[in-house]
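> from the sequence below, what's the structure:
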Amino acid sequence: MAIRVIRYTNDGATHWGVVNGEGITALTDHYPTTGALLESGRGDIDDARRRAPSHFLPGVDVQSPITIPCRVMCQGANYRQHAIESGMDPDNRAFNLFFDKTDASVTGPYDPVERPQHVRLLDHEIELALVMGTSIDGPVTVTDSDLPRYVAGVTVANDLSARDVQLPQGQYLKGKSYRGFCPLGPELVLLEAADYPLLDNLDLELRVNGELRQTDNTSNMVYRPAESLTELSTFSNLSPGDVVLTGTPHGTAAKSPPAFVRRLATALLPEHVMWQMFVRRNVSGPFLRPGDTVTASIRTRDGALDLGTQKTPILAPAATEEVLLNTPAPSTAALAPDILAHYVVKTPRAAEMIDWYGTVFGARVVHEDSRIAFLTWDDESHRLALVKIPGLVRRLFPLARLRRKILGVDHLAFTYSSLERLLLNHERLTARGIDPVWSINHGPTTSLYYEDPDGTRLEFQVENFATPAETAAFFDSDEFAENPIGVTIDPTYLLERMRAGEPPESLTARNAGVRPGTRPRVNKRAITFRTL
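Numbers count the residues shown, from 1 in each chain. Model prediction:
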C-alpha cells in the first residue's frame, strides 16, 4: 500500500510526516532535502506508520514535498488528444519531446502564484510527476519490471506556462520557469510493488474556479515512464529527489490553429506580426487571470492510489508599481483601480438626498458646508459627494431626469453577499416608503433597482451563480440568447418563500420570484418607460 508523505511547517519548524487520514505522524529525524529522505529515511517512515498521529492536516502549513535544488525535467504533448490539440499526429511521432524548468519555479501545493506583470497568456498543465529515488549518471535501460528501482514515488504537478513568452520567443525554459510556475504536492506518494501498475490507470483532473478544464487517464500517454526514462538517461543525469513531469492532457487554454492556417500565416506574415496576432487572438481566451483558483488532482477511479489535490490561487504581481517604475518603456498592461472610491452628484435637493442615502445606505455626513456634503457608509473617507447647486435648477429638473434614459451612465450597481440580505433590506426600505422601480431576475443576478430623489438609479443585486465561469456559461446559453433582459419578480414573494424554509439556492431561478396567478414581464416587455 502506497505511503503518503508530506513536508510541512508547524510552530515555525519544517518537518516530514506520514499521513493517515487527517492525521500526521512526524518523522523522528530531520531530512534537509527530499533526496536525503529517500536515501536515508525509509526506516523512519516505516516506524512512523506504526505510531499515533502527532498533528492534524488542518492545523499545519503544507509545503512542496520536493525540495530545491532539484532537476525538473518535462515531457511535451505526451497524451494522445493533447498531441492532436497541439497539431501533432500521436501515431506518427518521430521523437519524445523533452524540456526542463528551473527549480526557481517550484512552489507548494496551496501557495498563491503571481502572474508576472508582462504575462497575459498564463496557462495550466496538470501532470503526473515521477520522483526519482536512485541516481542515474549514464545511459540505462528501464523496463516496467524494474521501474521501482529508479522511481520512488509520484506527486501532482502543474506546469504553469506563459504562452506569450514560450511560443513567440521559442523559449520553453523562460516561459515555464517564472517563480511559482511549478506547484508540487500536496503529497509525495511512495510506491510499493503493487502500486506501480496503477501508474498506467490514473485519472488526472484540473478545474479553474470549479469549471472542469482538463481530464484524461495515464493510459493515454504516448511515451510511458520506463521508455521515457531510458531515453532521458542518454542525455541527462538524475538524482534522488529530482522530478520528471510526464506531460499534460488536452484542455489547456492555448489551442493550435489548423496546420494549413499555420503554414499560410508562416508564408505570408513576418514572424513577429504572426505572433502579435496570436496574442491578440488569444488574450480574451480562458487563460488564467488574477482571482482565479486552480485545483488539480490525480487518483485511480476506485481511490486505491490517491495523490491528493492542489489548490493554487492566481494573484496579480505584488510589486507592480516597483516593476513599472524601473521599466523604461510604458506598460502595455492595464492597471485596474483597486477599489471604487466614490461618486459625485450635482443636486438642488441636498437635504432630501442626505435623508434618502441615510435611510437606504445608512450613510452619515462626514462634512457639510454651503457648497458640498460628503457622506460615507463604511471606512472610506467618503463614498458620495453632493455638490449643491441653486434651487432654481429645480424647474429644469424633470428634463434633467430624462437624460439618463437616453445617454450617459445608466446606473450604479451594488452587490449583496446573500439573497437573504438583499430581501431583508427590501423589506426594511418598503416599510420606510422606498420601493424599487424595477425588480427583475436577469439570470446572472437577482436585481432590485431604486432611484434617489435626483433620479440616479442604483441597482442592488445578488449573484445567482457560484463562480464567474458559471455566469460566463449562462451568457453563452440559448436561454440568455432568447431572453437577455430577464423576468420581472416580486421580491416580497421571494422573502415569503424563504421564510417558509426554502433554501436560497432554489430561489435564484428566473421564474422563482413570480407570484402564482400573476403574469410577469419577460425580456423586452420587462422594459417600460418607468424602468427604462
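
> dump the residue contacts of the residue positioned nearest the centre of the chain.
Most central in the chain under C-alpha atoms, centre = their mean is residue 292, positioned 1.9 Å from the mean C-alpha point. When contacts are counted by C-beta atoms under 8 Å, 6 or more residues apart in numbering, residue 292 is found next to 208, 209, 313, 314. Backbone N, C-alpha and C define where each C-beta goes, glycine included.

> out of those residues, who's the most crowded?
Comparing these on neighbour count, residue 208 comes out first with 24 neighbours (neighbours: other C-beta atoms under 10 Å).

> show me where pLDDT drops low in this structure?
When residues are selected by pLDDT under 70, those of the chain lie in 256-277, 318-340, 391-409, 529-532.

> what's the closest non-adjacent residue to the residue nearest to the centre of the chain?
residue 314 (4.5 Å; C-beta to C-beta, 6 or more residues apart in numbering).

> so who does the one you found touch?
When contacts are counted by C-beta under 8 Å, 6+ apart, residue 314 touches 112, 113, 114, 115, 122, 288, 289, 290, 291, 292, 293, 294.

> please redo it, this time with the cut-off set to 6 Å
Applying C-beta atoms under 6 Å, 6 or more residues apart in numbering, we find residue 314 in contact with 113, 115, 288, 290, 292.

> quick one, phi psi at residue 35?
phi -60, psi -40 (degrees, to the nearest 10).

> check residue 312 too.
Residue 312 adopts backbone torsions of phi -120, psi 110, taken as degrees, to the nearest 10.

> is the closest residue to it other than its chain neighbours in a bridge, and if so with what?
Closest residue in space to residue 312, ignoring its immediate chain neighbours: residue 294 at 4.5 Å, by C-beta to C-beta, 6+ apart. According to DSSP bridges, residue 208, residue 312 are recorded as the beta-bridge partners of residue 294.

> neighbours of residue 294, how many?
Residues near residue 294, counting by other C-beta under 10 Å, number 21.

> hang on, isn't residue 202 packed against residue 298?
Yes. Counting by C-beta atoms under 6 Å, residue 298 is a contact partner of residue 202 at 5.4 Å.

> who has more neighbours, the two?
When neighbours are counted by other C-beta under 10 Å, residue 202 and residue 298 differ, and residue 298 comes out ahead with 25 against 19.

> how about the more buried one: what's its closest non-neighbour residue?
With C-beta to C-beta, 6+ apart as the measure, residue 307 is the residue that lies nearest to residue 298, at 4.3 Å, once sequence neighbours are left out.

> circling back: ok, the residue nearest to residue 312 - contacts?
Residues near residue 294 by C-beta under 6 Å, 6+ apart: 124, 208, 312.

> closest one to residue 163 out of the residues you listed, please.
Nearest to residue 163 out of those is residue 124 (C-beta to C-beta; 10.8 Å).

> in stretch 499-506, what counts as buried?
By 16 or more other C-beta atoms under 10 Å, the buried positions in stretch 499-506 come out as residue 504.

> residue 389: which of the contacts of residue 314 is nearest?
Proximity to residue 389 was ranked across those by C-beta to C-beta; first place goes to residue 290, at 40.7 Å.

> the closest one: which element?
Here residue 290, judged by DSSP states H and E, is contained in no helix and no strand.

> can you count the residues close to it?
With neighbours defined by other C-beta under 10 Å, the count for residue 290 comes to 15.

> ok, it touching residue 317?
No. Using C-beta under 6 Å, residue 290 is not in contact with residue 317; the gap is 8.6 Å.

> in the stretch 151-300 of the chain, which spans are helices?
All helices of the stretch 151-300 of the chain, identified by DSSP state H, counting those that start in this stretch, fall at 163-166, 172-175, 225-232, 259-268, 271-282.

> still on that earlier bit, tell me the one of the contacts of residue 294 nearest residue 241?
For those, the residue nearest residue 241 by C-beta to C-beta is residue 312; the value is 21.9 Å.

> for the closest one, which residues are in contact?
Residue 312 touches 113, 183, 294, counting by C-beta under 6 Å, 6+ apart.

> go again with 10 Å.
By C-beta atoms under 10 Å, 6 or more residues apart in numbering, the contact list for residue 312 reads 107-113, 124, 158, 160, 180, 183, 208, 288, 292-296.

> return the members of these classed as buried.
For the contacts of residue 312, a neighbour count by 16+ other C-beta under 10 Å gives the buried set as 107-113, 124, 158, 160, 180, 183, 208, 288, 292, 294-296.

> residue 436 - nearest residue in space that isn't next to it in sequence?
Excluding its sequence neighbours, the residue lying closest to residue 436 (C-beta to C-beta, 6+ apart) is residue 448, at 4.2 Å.

> mind listing the strands whatever helix or strand that neighbour lives in pairs with, and their directions?
Using DSSP H and E, the secondary-structure element containing residue 448 is strand 445-451. The strands that strand 445-451 pairs with in its sheet are strand 438-441 (antiparallel), strand 457-463 (antiparallel) (by DSSP bridges).

> hey, C-alpha coordinates of the shortest one in PDB?
Output in PDB follows, covering the C-alpha atoms of strand 438-441 (Å, rounded to 0.1, in the frame of the first residue of the first chain):
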ATOM      1  CA  TRP A 438     -37.800  47.600 -11.100                       C
ATOM      2  CA  SER A 439     -37.500  44.100  -9.600                       C
ATOM      3  CA  ILE A 440     -36.100  41.500 -12.000                       C
ATOM      4  CA  ASN A 441     -34.200  38.300 -12.300                       C
END
